[in-house]
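Student: show me the folded form of this:
(one chain, ligands or ions: 2)
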Amino acid sequence: MDIARTPATPDGNPEMADAAVAPKDFVSIRREDYMPFPWLVPQVAMDFALGLDETRVVTTLTVERNPAAEASKTIRLNGDEIVPVEVTVDGEGWSDWCMDGDDLLVTLPGAAHTIAVTTHIAPAANTKLMGLYASDGMLCTQCEAEGFRRIAFFPDRPDVLSTYRVRMSGDREAFPVLLCNGNLEAEGEDGEAHWAEWHDPWPKPSYLFALVAGQLVANSDSFTTMGGREVALNIWVRDGDLPRTGHAMESLKKSMKWDEEVFGREYDLDLFNIVAVSDFNMGAMENKGLNVFNTKYVLADEETATDGDFDGIEAVIAHEYFHNWSGNRVTCRDWFQLSLKEGFTVLRDQLFSQDMGSAPVKRIEDVRILRGVQFPEDSGPLAHPIRPDSYQEISNFYTSTIYNKGAEVIRMMRTMAGPERFRAGTDLYFERHDGEAATCEDFVRAMEDGAGLDLKQFRLWYAQAGTPKVTARLEHSGDTATLHLSQHVPATPGQPDKKPMPIPLKLALYDRDSRERGAEQLVVLDGEELTLGYPGFATRPVLSINRGFSAPIVVEREVSSDELVFLATHDDDPFARYEALQELVVRHLKAGASGTLSAEARQEGELAVADAMAAVLADSDLDDLMRGELLLLPSETYVAETMERADPAVIHAERQGLRASLARALETEFLALYERAAAVPFAMSAEAKGARKVKTQALAYLAAAFPDRAAEMAFAQYASADNMTDRQGALMVLTGLDVVERTNALIDFYNRYQGNALVIDKWFALQASSMHPHCLEHVRALADHRDFTLKNPNRVRSLYMAFAANPHAFHAADGEGYRMIADLILALDPINPQTASRFVPPLGRWRRIEPGRSALMKAQLERLAAADLSRDTAEQVSRSLG
Ligand code: ARG
Ligand code: ZN
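Tutor: Numbering: from 1, shown residues only. Ligands and ions are numbered 1, 2, ... in the order given. Predicted coordinates:
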C-alpha cells in the first residue's frame, strides 16, 4: 500500500466526498514558508538488529529547544510507512504522543529530553528503494531526500544536524561486512551473530545517513592528504566484481588530489568507503564517509565497459567525493536550495573531467546534455527555476535544471570573475558556512564578497525559469561593424513576465580575408538591448559569439551559410567551431522539414554541409576525440526543440537522409578514416579513444548509404573486437540495420555476456534506441524477455528510457509508443514511484509536437491522470497537463 499520499478513510469524513470526484490533491510545500525547526537534535544513537525480512531499529534522540526558533511543546518526527512500536522519553514509557498522518508527534514537558522510538522495517519488501532495502541479498540504504523517515521517526529535513552513533548486529554469514558513516569504533562476536559500532564525528543531516550490511569484498588502497592524514580507501563489491574496480579507485584518488589542488579541499575522516549496489534509483549518493553507488558507476574493464562508461565512472566518483565539501560540510537549509550543492558539485566534477581529459570535448559533451535534456525541460510544462518556489514531491526536482543549469549558472560567475577570484569566492563560502545548512543566497553573497562581483541582477538566474534567447545582428558600413544584441526570456508556467538577465557573452570578430581574429571580449548583456561598435573593418567581419558556451542560452544570429562554413572551418574556439557546424546542419534539416525546399536548394544545402564535414575529415590539426564531436549530427530531439511544433517522423527522415547523402559524398574519406582508425591498437590513451570514436562514426555514416557493405564491416568489427567500445559500436550499427548479421550478433552478444547485468542492460538499450524500423515491436517483445524485470531500475531504464528517448520509435504515428510508456508508468508506479515518475516528461512534450500525435500523447496523460497514482507520478502528470 502506498501511504505516502493523503490518508483516505472509508467513513463519513466530509472531505472524502470531494476526494472521490476531484483528482487527489497532494500538499504543495512552498519555499517562502520556511521556518527553522523548533528543536535541535545534537545527538542520535541507533541500534539495528538486522534482517532481510525484518530489521528492528531503536533510535534515541537527544533533543533541546532551538533558541533560534519559536518554541513548541511538541516535536514532529517524520515517518513514512513505519509505525512506532515503543516510545520512551527520558527512559520512561511515554503515552503523550499521537500520529498525524505518517508523522509521530511527541509532547515534551521541558526544554531538553531524550526520546527513544522503536520501529520494525521490512527491507526485502521495500521495492521503492528508499530507506533501508535489500539488493542481491545485502542490506543498504538511500536516504536523500526523504528516505530516512522510512527507517526512523526523525525531523527529516536537511537543517537538523546531528552526530550519529550506530550499533548494528546481524548474522555473521549473511552480513559479514557491517558499514556505516564515519569511523568503526568497536566490533565483536555474539554466537552466530556479530556486531559493529560506528561513530561519525561530523554533524550531518539525516539524508546523509547510510548503512550497508552484506557479503562484500573490498579493493583497498590509501591516500595521503595535503595535511598528511592517511586515509584508508575501500571500494566494496560482490566477490566476482573485484577485478572491475581499478578504474573507480584511480578516479577516487585523482579526485581527492584535484580537490586539494584546485579548490583547497582536504578530506576529513581516516576512512572513505564506497559500496556498489545493483538496485539503485539514481547514479550514486554522497553519504558521509560511505558513498553508495549504482554498480554502473563503479564496475568497468575494457572487455565489459565502453570509453563512455569509463568517463562516466570518473565523473560520478568525483561528483560524490566533491560533495564531501559542497553538500556535506556545507549542506542545504531546505530542499529548495538543492542546486546549492548539486549545481556547484556538477560544475566541480565538470572542471575535474576537463582537467583529466580533453577540456574542449568535455565542454561540448556537457553542452550537448544541457541542450538535449535541460532545454526541453525549460521550455515545457515542468520548467522551474534552479531554485524552485514550490514542490509536492522533492524527488521530482532532481532535474537537469537543478543539476546542469545550476552548474552553468555558477560557471557564469566563474567566467565573470576569472578562476582566481572565483576560488577566493568559494574559499570564503566554505569558510563562512562550514558546518552549516546554507542557502543559494549565502553562496551568491560569498561570491560577491570573495570574488568581488556585483550579483544583484544576476540573482535572477536563481529565480527565473526558461532559456533566454539572444538575438545577434551584425551591421557593416564604411569601416565600422555594429553589433546589435537583444534578449528575451520566454514565459514559463507561473512566470508570465520576465526581467532581462545579465548574460555574459564571450565574442570575437574575424576578418574574412586574412582569417585573423580580433581580441576576445567578454560582454555582459544585462538589458533588453545593447549596441556595440567595432571600427577598423574594411569588409564585413564574421561574428563568433557565445564562445565556449559562456552562457546557457539560445543564440539566434543573422548569419549566412557561408559565414557558418567559415566558422566551422576556422574558428579557434572549439565550441564555437562545433556550434557553427551544428547550426549549419540544423538550418538545413529545418529547411528540409518545412517541406518547401526545392531540389536544387536541397542539393546546395547538402553540398555546404558536405564541404564543412570534408574539412573536418581532412583537418590534420584536429585530434580524433574532437573530430568525433564535429562529425556528430545534432540529435532529432535537439532539432525538434528549435521548432514551435515538430513532426518527429519528418525530422527523422531528414536526418537519416542527410546522413546517407554525406556518406555518398564522402564515401572515400569515411572509408579512409575507418581504415586509419581501425589500425590503432587498443589503449586507454586519448589517441586510441579518439580512434575508436571516429571509427564507429564512420561506420554509422556508411551504414546509412551502403547498408550491406557496412553490415559486413560492422560484423567484422564486432567479431574481432578486443574491447567493449568497438563491440558495442559495431552492434549499435548492426542493430539499426535489417540484415542477417543483426540477429547473429545480438544472439552472440547475449550469450557472451549472459549473467553480467550491466552488459545485458546495454543489450536491451541498444535495441530500444536503434534506428531499425521495427524498433517498437522489438521493445514490446523485450518486455517479455525472461531477463526483463520492473524491480531493477537499471533494467527498466535500459529498455524504456532508451525507447522514450528514441523519437522515431516513441513517436510512432498511431500512438503505440505513448501507450506503451503509459502502460509502463501504471505498472511501475506501485512498485517504484520515483522511477515511474521519470517517464512522464517524454509524454509532457505534447504541446510541442504536431497536432495528430499531440492529441494521442495528451490522451495518455489524461488516462494516467484518471488512475490512482503516487504523489511522485501524480505531480508530474498534473503539471504536464496543466
Ligand atoms: N545527491 C545525489 C547526487 O549526488 C542524488 C541522490 C538523489 N536521490 C534521490 N533518491 N532523489 O546526485
Ligand atoms: Zn550530487
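Student: what pairs with the nearest residue to Asp279 once chain neighbours are set aside across the strands?
Tutor: Distances taken as CB to CB, 6 or more residues apart in numbering place Ser135 nearest to Asp279, at 4.0 Å, with adjacent residues excluded. Where you see a C-beta, it was placed from the backbone N, CA and C, and this is true even at glycine. Counting by DSSP bridges, Ser135 forms beta bridges with Met138.
Student: for Ser135, what are its contacts?
Tutor: By CB atoms under 8 Å, 6 or more residues apart in numbering, the contact set of Ser135 is 129, 277-280.
Student: average pLDDT across the host helix or strand of Arg659?
Tutor: Element membership for Arg659 (DSSP states H and E) is helix 648-665. Averaging pLDDT along helix 648-665 yields 98.
Student: do the same with stretch 391-404
Tutor: pLDDT averaged over stretch 391-404 gives 98.
Student: what does the protein put close to ligand 2?
Tutor: Within the chain, the residues that sit near ligand 2 (CB under 5 Å from the ion) are 342, 345.
Student: just to revisit the earlier point, out of the contacts of Ser135, the closest to ligand 1 would be?
Tutor: Leu129 (8.0 Å; CB to the nearest ligand atom).
Student: what secondary structure category should be reported for the closest one?
Tutor: coil (DSSP: H, G, I helix; E, B strand; the rest coil).
Student: ok, for it, nearest residue in space, not its chain neighbours?
Tutor: Asn281 (5.0 Å).
Student: how much space between the residue lying closest to Leu799 once chain neighbours are set aside and Gly817?
Tutor: In space, not counting the residues next to it along the chain, Leu799 is nearest to Phe764; the distance is 4.6 Å by CB to CB, 6+ apart. Noted for Phe764: a distance of 16 Å to Gly817, by CB to CB, to the nearest Å.
Student: pLDDT value on Thr9, please?
Tutor: So Thr9 comes in at 33 (pLDDT).
Student: follow-up on the earlier one: return the list of helices and strands in contact with the next helix or strand after the helix holding Arg659.
Tutor: Later in the chain than helix 648-665, the nearest helix or strand by DSSP H and E is helix 667-678. In this structure, helix 667-678 packs against helix 599-618, helix 686-705, with contacts taken as 3 or more CB pairs under 8 Å, 6 or more residues apart in numbering; DSSP states H and E.
Student: chain center to helix 667-678, what's the gap?
Tutor: 35 Å (CA atoms, centre = their mean, to the nearest Å).
Student: got it, and stretch 620-635?
Tutor: On CA atoms, centre = their mean, the centre of stretch 620-635 falls 24 Å from the chain's centre.
Student: now do the residue nearest to Phe549 when sequence neighbours are not counted against ligand 2, distance only.
Tutor: Excluding the flanking residues, the one nearest Phe549 by CB to CB, 6+ apart is Val367, at 4.8 Å. Using CB to the ion, to the nearest Å, we find Val367 at a distance of 20 Å from ligand 2.
Student: same thing with Gly357?
Tutor: In terms of CB to the ion, Gly357 sits 21 Å off from ligand 2.
Student: find the nearest non-adjacent residue to that residue, please.
Tutor: Ala686 (6.6 Å).
Student: count of neighbours near that neighbour?
Tutor: Using other CB atoms under 10 Å, the number of residues around Ala686 comes to 15.
Student: before we move on, back to that, looks to me like the residue nearest to Leu129 is in a helix.
Tutor: No. Under the criterion used here (three-state DSSP), Asn281 is coil, not part of a helix.
Student: for stretch 651-668, output the C-alpha coordinates as PDB.
Tutor: Output of stretch 651-668 as PDB, limited to C-alpha atoms (Å, rounded to 0.1, in the frame of the first residue of the first chain):
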ATOM      1  CA  ILE A 651      12.900  15.200 -38.700                       C
ATOM      2  CA  HIS A 652      13.900  11.500 -38.600                       C
ATOM      3  CA  ALA A 653      13.700  11.100 -42.300                       C
ATOM      4  CA  GLU A 654      15.500  14.400 -43.000                       C
ATOM      5  CA  ARG A 655      18.400  13.500 -40.600                       C
ATOM      6  CA  GLN A 656      18.800  10.000 -42.000                       C
ATOM      7  CA  GLY A 657      18.600  11.400 -45.500                       C
ATOM      8  CA  LEU A 658      21.400  13.900 -44.800                       C
ATOM      9  CA  ARG A 659      23.500  11.100 -43.200                       C
ATOM     10  CA  ALA A 660      23.100   9.000 -46.300                       C
ATOM     11  CA  SER A 661      23.900  11.900 -48.600                       C
ATOM     12  CA  LEU A 662      27.000  12.800 -46.600                       C
ATOM     13  CA  ALA A 663      28.100   9.100 -46.800                       C
ATOM     14  CA  ARG A 664      27.700   9.100 -50.600                       C
ATOM     15  CA  ALA A 665      29.500  12.400 -51.000                       C
ATOM     16  CA  LEU A 666      32.400  11.400 -48.600                       C
ATOM     17  CA  GLU A 667      32.500   7.700 -49.100                       C
ATOM     18  CA  THR A 668      36.200   7.600 -49.800                       C
END
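Student: from ligand 2, how far off is Leu564?
Tutor: Taking CB to the ion, one finds Leu564 at 37 Å from ligand 2.
Student: so who does that residue touch?
Tutor: 580-581, 583-584, 587, 612.
Student: of all the helices and strands packed on helix 667-678, which lies closest to ligand 1?
Tutor: helix 686-705 (25.8 Å).
Student: and the angle for whichever helix or strand comes after the closest one with helix 667-678?
Tutor: Downstream of helix 686-705, the next assigned helix or strand under DSSP H and E is helix 707-720. Here the directions of helix 707-720 and helix 667-678 differ by 0 degrees (axes from the mean of the first three to the mean of the last three CA atoms, to 10 degrees).
Student: in helix 707-720, what's buried?
Tutor: 707, 710-711, 713-715, 717-718 (16 or more other CB atoms under 10 Å).
Student: look up how far ligand 2 lies from the most centrally placed residue in the chain.
Tutor: Among the residues of the chain, the one closest to the centroid is Ser400, at 5.8 Å (CA atoms, centre = their mean). Relative to ligand 2, Ser400 is positioned 13 Å away (CB to the ion).
Student: and that residue, what are its phi and psi?
Tutor: phi -60, psi -30 (degrees, to the nearest 10).
Student: what pairs with the closest residue to Leu139 other than its chain neighbours across the strands?
Tutor: Excluding the flanking residues, the one nearest Leu139 by CB to CB, 6+ apart is Ala213, at 4.5 Å. Under DSSP bridges, the beta-bridge partners of Ala213 are Leu139, Leu178.
Student: check Ala213 and give its pLDDT.
Tutor: 99.
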